[in-house]
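Undergrad: Provided below for reference: sequence and predicted model.
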Amino acid sequence: MIGTATGFVLALSVSAVKPVEQAKRDPRDTGPQVIDVSSYPEINQRQYALLSVKCSKCHPLARSIGSNFDAATWKLYMKRMMRRPNAGVTEDQAREIYDFLKYRSSLGGPKIHKNISTIPDNLK
């Protein structure tokens, strides 16, 4: 009798536990993990190396590569990334990464522009 009661309580407690929700995967995470920067100016090649190390600490590099933001939006993102815990991105490094992303953005393709008026002041 005790075994049956214990089993019943155990079954109830297991069924009451909600599964941990998995974070939704960003569709940009499945894109290319590297880009060929051999034809880029030398300074942009160095900036890409920095981006590769810093940005991949928190998310797949494909997210940075696959985000086709305009320069103004990249600037906002870099300010936000500097404030993230454990990102380890200094202001100078953020400027270098931003310069690379701005350069890459200038190469063409449709740009995604966030409406700056909808972004909270603490992210600007």
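TA: On my side now, so go ahead.

Undergrad: please make it C-alpha for all contacts and neighbour counts, starting now.
TA: OK.

Undergrad: would you agree residue 82 is in contact with residue 94?
TA: Yes. Using Cα atoms under 8 Å, residue 82 is in contact with residue 94, at 6.9 Å.

Undergrad: settle it for me: which of those two has more neighbours?
TA: residue 94 (23 against 16; other Cα atoms under 10 Å).

Undergrad: so what's that one up against?
TA: Contacts here follow Cα atoms under 8 Å, 6 or more residues apart in numbering; on that basis residue 94 touches 78-79, 82.

Undergrad: can you redo those as a markdown table with secondary structure, pLDDT and distance to residue 39?
TA: A markdown table is the format used below for the contacts of residue 94 (DSSP: H, G, I helix; E, B strand; the rest coil; pLDDT from 0 to 100; distance: Cα to Cα, whole Å):
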| residue | secondary structure | pLDDT | distance to residue 39 |
| --- | --- | --- | --- |
| 78 | helix | 88 | 25 |
| 79 | helix | 89 | 28 |
| 82 | helix | 86 | 29 |
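
Undergrad: need those in CSV with distance to residue 100, can you?
TA: Shown next, in CSV, are the contacts of residue 94 (distance: Cα to Cα, whole Å):
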residue, distance to residue 100
78, 11
79, 15
82, 16
